[in-house]
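Q: here's a sequence, model it:
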Amino acid sequence: MSIPFVDLKAQYADLKSEIDAGIQRVLDHGRFILGPEVHEFEAALAEHVGVAHVISCANGTDALILALMGENIGPGDAVFVPSFTFTATAETVLLIGATPVFIDVDGKNFLIDSVDLEEKLTAVKAAGKLKPRAVIPVDLFGLPADYARLAEIAEAHDLFLLGDAAQSLGAAAHGRAVGGLAPATATSFFPAKPLGCYGDGGALLTDDAARAELWRSLRGHGTGKAKYDVVRVGLNSRLDTLQAAILLAKLKVFDAEIEARDQLAQKYEAALQDSVTTPPRPDGLCSAWAQYTIQHDDRDGLKARLGEKGVPSAIYYPLPMHLQTAYRSLGDGEGSLPVTERLCQRVLSLPMHPYMDDATAERICEAVLTSL
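A: Take a look at the predicted model:
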């Protein structure tokens with residue numbers, strides 16, 4: 001039997017009655033844009049995370065753009081981002097006219113390297129061509145970045161600290177949930193995310209009322225108090241009411257799903273930690289386990305052998321941002337971010353979802369061990 005990498009069908013089967021009822025309510029009232037479920041979901045997620053404001057939008061990429069637009073970041077500004085990430089983190093910077101500066105990551109936890117960040121900050125300031133304005137750490141694979149240290153750096157250099165939590169909603173650091181670890185946090189509800197809808201969706205989270213009000217305006221064409229009162233240039237970026245209804249159903253079981261993901265991660269670690277490099281479990285941090293990513297020197301061979309055994313796997317990411325065609329002119333070329341470049345040759349993600357049974361988990365672990 002084939003093994004699903006992410007089993008959305010099993011999740012739907014478990015939540016079918018609630019999801020179907022939510023969709024039917026939207027079809028009945030017909031308020032498909034900013035209907036009552038959107039506001040209900042925003043309030044429910046804010047309460048769940050423990051923040052004052054959630055502003056939903058069309059997708060996680062737009063969430064990043066809206067946050068950067070709200071800070072008036074643009075041409076001549078530098079935004080510091082890890083190179084070991086998905087393109088959305090970097091492309092949003094270019095889309096608003098600013099310049100991404102790529103940072104290396106820690107080889108164990110895949111997260112932005114604060115030492116390299118400070119070195120790059122110093123270099124950009126010395127060059128004098130760009131003004132440092134923001135840093136976007138990425139909670140890669142579900143583990144929160146070191147926001148306490150990053151906040152110190154941001155304050156020292158007058159930077160906007162924007163959390164990219166596209167993969168980490170549901171995670172926590174020292175008792176505080178992701179969404180409340182930075183002044184502003186962007187997340188995604190892409191279907192495969194820990195909290196995903198059945199299409200595209202995203203949100204911004206903050207305790208700052210002024211930012212929340214501005215983001216609401218920006219997501220709706222820059223309107224003010226009335227529909228045709230346009231006070232600024234904005235986007236058309238709204239979460240569909242149907243998607244909000246689906247997310248409301250999923251939010252009710254979200255904590256249980258995060259716990260199930262963590263239990264699966266523990267099973268993987270117990271079985272594999274002596275044979276491959278398994279992801280860390282730092283004290284005080286709880287991962288959302290968007291992905292379970294191991295490292296191995298013969299990654300490509302391992303992936304091929306797993307495929308022969310019917311076990312799917314994925315490479316996040318095979319090429320770092322600073323070596324991608326779209327960004328190569330902005331970086332310093334091959335060898336400039338050695339940790340990131342090495343990780344791109346070693347990482348392999350195994351199936352991870354909260355509905356996996358023990359037998360399937362054991363089959364995956366056995367396949368890994370016999371494929372090394």
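Q: which other residues reach the host helix or strand of I65?
A: I65 belongs to helix 60-70 when assigned by DSSP states H and E. Residues outside helix 60-70 that contact it (CB atoms under 8 Å, 6 or more residues apart in numbering) are 55, 57, 79, 88-89, 91-93, 95-96, 98, 134, 136, 160, 162, 164, 166, 184, 186-190, 201-204, 211, 214-215, 218-219, 234-235, 237. Placement of C-beta: from N, CA and C, glycine included.
Q: in helices, which of these fall?
A: 88-89, 91-93, 95, 211, 214-215, 218-219 (DSSP state H).
Q: surely Y268 meets S275?
A: No - look at Y268 against S275 with CB atoms under 8 Å: they stay out of range, at 11.2 Å.
Q: more crowded one of these two?
A: A count of neighbours by other CB atoms under 10 Å puts Y268 above the other of Y268 and S275, at 23 against 13.
Q: got a pLDDT number for that one?
A: What the model reports as pLDDT for Y268 is 98.
Q: ok, back up a step: JSON lines for the ones in helices among the contacts of helix 60-70, including distance to A177?
A: JSON lines is the format used below for these (distance: CB to CB, whole Å):
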{"residue": "A88", "distance to A177": "22"}
{"residue": "T89", "distance to A177": "21"}
{"residue": "E91", "distance to A177": "27"}
{"residue": "T92", "distance to A177": "23"}
{"residue": "V93", "distance to A177": "26"}
{"residue": "L95", "distance to A177": "29"}
{"residue": "R211", "distance to A177": "18"}
{"residue": "L214", "distance to A177": "23"}
{"residue": "W215", "distance to A177": "19"}
{"residue": "L218", "distance to A177": "25"}
{"residue": "R219", "distance to A177": "23"}
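Q: what's the neighbour count on the nearest residue to P338 once chain neighbours are set aside?
A: Nearest non-adjacent residue to P338, counting by CB to CB, 6 or more residues apart in numbering: D104, 7.2 Å away. Residues contacting D104 under the criterion other CB under 10 Å number 24.
Q: can you give me the neighbour number for S188?
A: S188 has 30 nearby residues by other CB under 10 Å.
Q: please tell me how far E152 sits from Y228.
A: 44 Å (CB to CB, to the nearest Å).
Q: so which of the two has more stuff around it?
A: For E152 versus Y228, neighbours defined as other CB under 10 Å are more numerous around E152 (12 against 7).
Q: Three-state assignment for that one, please.
A: For E152, the assignment made with DSSP: H, G, I helix; E, B strand; the rest coil gives helix.
Q: need the pLDDT of it.
A: 98.
Q: do S2 as well
A: At S2, pLDDT is 84.
Q: residue ranges with poor pLDDT in the stretch 1-150 of the chain?
A: Under the criterion pLDDT under 70, no range of the stretch 1-150 of the chain is flagged.
Q: which parts of it are helices?
A: 8-29, 36-49, 60-70, 87-95, 114-127, 147-157 (DSSP state H, counting those that start in this stretch).
Q: who's in contact with the fifth one?
A: Put plainly, it is helix 114-127. 78, 80, 101, 103-104, 130, 132, 135, 146, 149-150, 153, 157, 337.
Q: so how far is R346 from the residue most central in space within the chain?
A: Nearest to the geometric centre of the chain sits A166, at 1.8 Å (CA atoms, centre = their mean). Applying CB to CB, the value for A166 to R346 is 22 Å.
Q: ok, E366 next?
A: Relative to R346, and taking CB to CB, E366 is found at 22 Å.
Q: out of those two, which sits in the busier spot?
A: Between E366 and R346, R346 has the larger neighbour count (other CB under 10 Å), namely 18 against 13.
Q: that one against Q295, yeah?
A: Yes - with contacts counted by CB under 8 Å, R346 reaches Q295, the gap being 4.3 Å.
Q: overlap of the contact sets of the two?
A: T277.
Q: extract the CA atoms of stretch 211-230 and return them as PDB.
A: Extracted in PDB, the C-alpha atoms of stretch 211-230 (Å, rounded to 0.1, in the frame of the first residue of the first chain):
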ATOM      1  CA  ARG A 211      -0.700  47.700  12.900                       C
ATOM      2  CA  ALA A 212      -3.900  45.600  12.900                       C
ATOM      3  CA  GLU A 213      -6.000  48.500  11.700                       C
ATOM      4  CA  LEU A 214      -3.500  49.300   9.000                       C
ATOM      5  CA  TRP A 215      -3.300  45.700   7.800                       C
ATOM      6  CA  ARG A 216      -7.100  45.500   7.600                       C
ATOM      7  CA  SER A 217      -7.100  48.600   5.300                       C
ATOM      8  CA  LEU A 218      -4.200  47.300   3.200                       C
ATOM      9  CA  ARG A 219      -5.800  43.900   2.600                       C
ATOM     10  CA  GLY A 220      -9.000  45.600   1.300                       C
ATOM     11  CA  HIS A 221      -7.600  48.000  -1.400                       C
ATOM     12  CA  GLY A 222      -6.400  50.500   1.200                       C
ATOM     13  CA  THR A 223      -9.900  51.700   2.100                       C
ATOM     14  CA  GLY A 224     -10.700  53.800   5.200                       C
ATOM     15  CA  LYS A 225     -14.000  54.100   7.000                       C
ATOM     16  CA  ALA A 226     -16.100  53.500   4.000                       C
ATOM     17  CA  LYS A 227     -16.000  51.100   1.000                       C
ATOM     18  CA  TYR A 228     -15.100  53.900  -1.500                       C
ATOM     19  CA  ASP A 229     -12.900  55.900   0.900                       C
ATOM     20  CA  VAL A 230      -9.500  55.000  -0.400                       C
END
